[in-house]
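*Asks:* pasting the structure only:
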């Protein structure tokens, strides 16, 4: 059985909110956090999906930094790597990925606690993706996954799911249909109008609650310095 990971000092790839908590970029993540909170006025948001239409839009970086920002507010947060085809959350947090969500889903007697990793951020836990399986969509649509989602929202104040790109896979649709809210990350200069339209239609098909869009990698000028966050560069 897997053992819970102990907290060790690490250098975090892509976590600007950890490296430079007072930077303009980090402030924009705080603004994003506030906007998400205000978008759910009638119901407390317990689960959030971060998606993109295509690869390398920056969704994993957005998901990780958003998780840090919510945890720094005093929330008990969990980030789950559901990109089982190309898991990257463990890289952002400098964690091993020998076990994770895939092994938890196939371990019928396994306890969630045995598969969680501690992070260097107080209040933030990580569930990595684990070994790449041959059937990611089937795992995410399984009854075992549904039961796990219910257990996680009871354990944590907020659960953030990082998913594969929408186009080409059904994985993200599966989760977006079940969670409280969805954040759509679009990359400037890469995602086309056709990509965005197709992704948007796929979210409508499953009645996903899209809370907003993060327009990422926008070139920064002196005139839009206040939106520096959107110029933040990371490939995951």
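*Replies:* Here it is on my side, so go on. The structure displayed is predicted, hence computed values, not measured ones.

*Asks:* low-confidence ranges in this protein?
*Replies:* Low-confidence segments of the chain (pLDDT under 70): 1-14, 17, 19-20, 22-23, 217-236.

*Asks:* cutoff 90 now
*Replies:* Within the chain, the stretches with pLDDT under 90 are 1-45, 54-58, 107-111, 168-169, 187-192, 212-236.

*Asks:* ok, which stretches of it are helices?
*Replies:* 16-19, 24-39, 59-72, 89-92, 101-106, 136-140, 143-155, 171-176, 193-205 (DSSP state H).

*Asks:* check those for me and report the most buried one.
*Replies:* Of all those, helix 59-72 has the most neighbours on average by mean count of other CB atoms under 10 Å, namely a mean of 27. For every residue, glycine as well, the C-beta is placed using N, CA and C.

*Asks:* can you give the distance from it to the centre of its chain?
*Replies:* Its chain's C-alpha centre and that of helix 59-72 lie 7 Å apart, by CA atoms, centre = their mean, to the nearest Å.

*Asks:* what sits against residue 151?
*Replies:* Contact partners of residue 151, counting by CB atoms under 8 Å, 6 or more residues apart in numbering, are residue 112.

*Asks:* neighbours of residue 79, just the number please.
*Replies:* 31 (other CB atoms under 10 Å).

*Asks:* so it bridges to which residues?
*Replies:* residue 126, residue 160 (DSSP bridges).

*Asks:* go ahead and confirm it touches residue 62.
*Replies:* No: in this structure, residue 79 is not within contact of residue 62 by CB atoms under 8 Å, at 11.1 Å.

*Asks:* now the helices of the chain in CSV, with distance to residue 185?
*Replies:* Formatted as CSV, the helices of the chain follow (distance: least, CB to CB, whole Å):
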stretch, distance to residue 185
helix 16-19, 15
helix 24-39, 11
helix 59-72, 4
helix 89-92, 14
helix 101-106, 20
helix 136-140, 19
helix 143-155, 21
helix 171-176, 11
helix 193-205, 10
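
*Asks:* looking at these, which is nearest to residue 123?
*Replies:* Closest to residue 123 of the helices of the chain is helix 59-72 (CB to CB; 4.2 Å).
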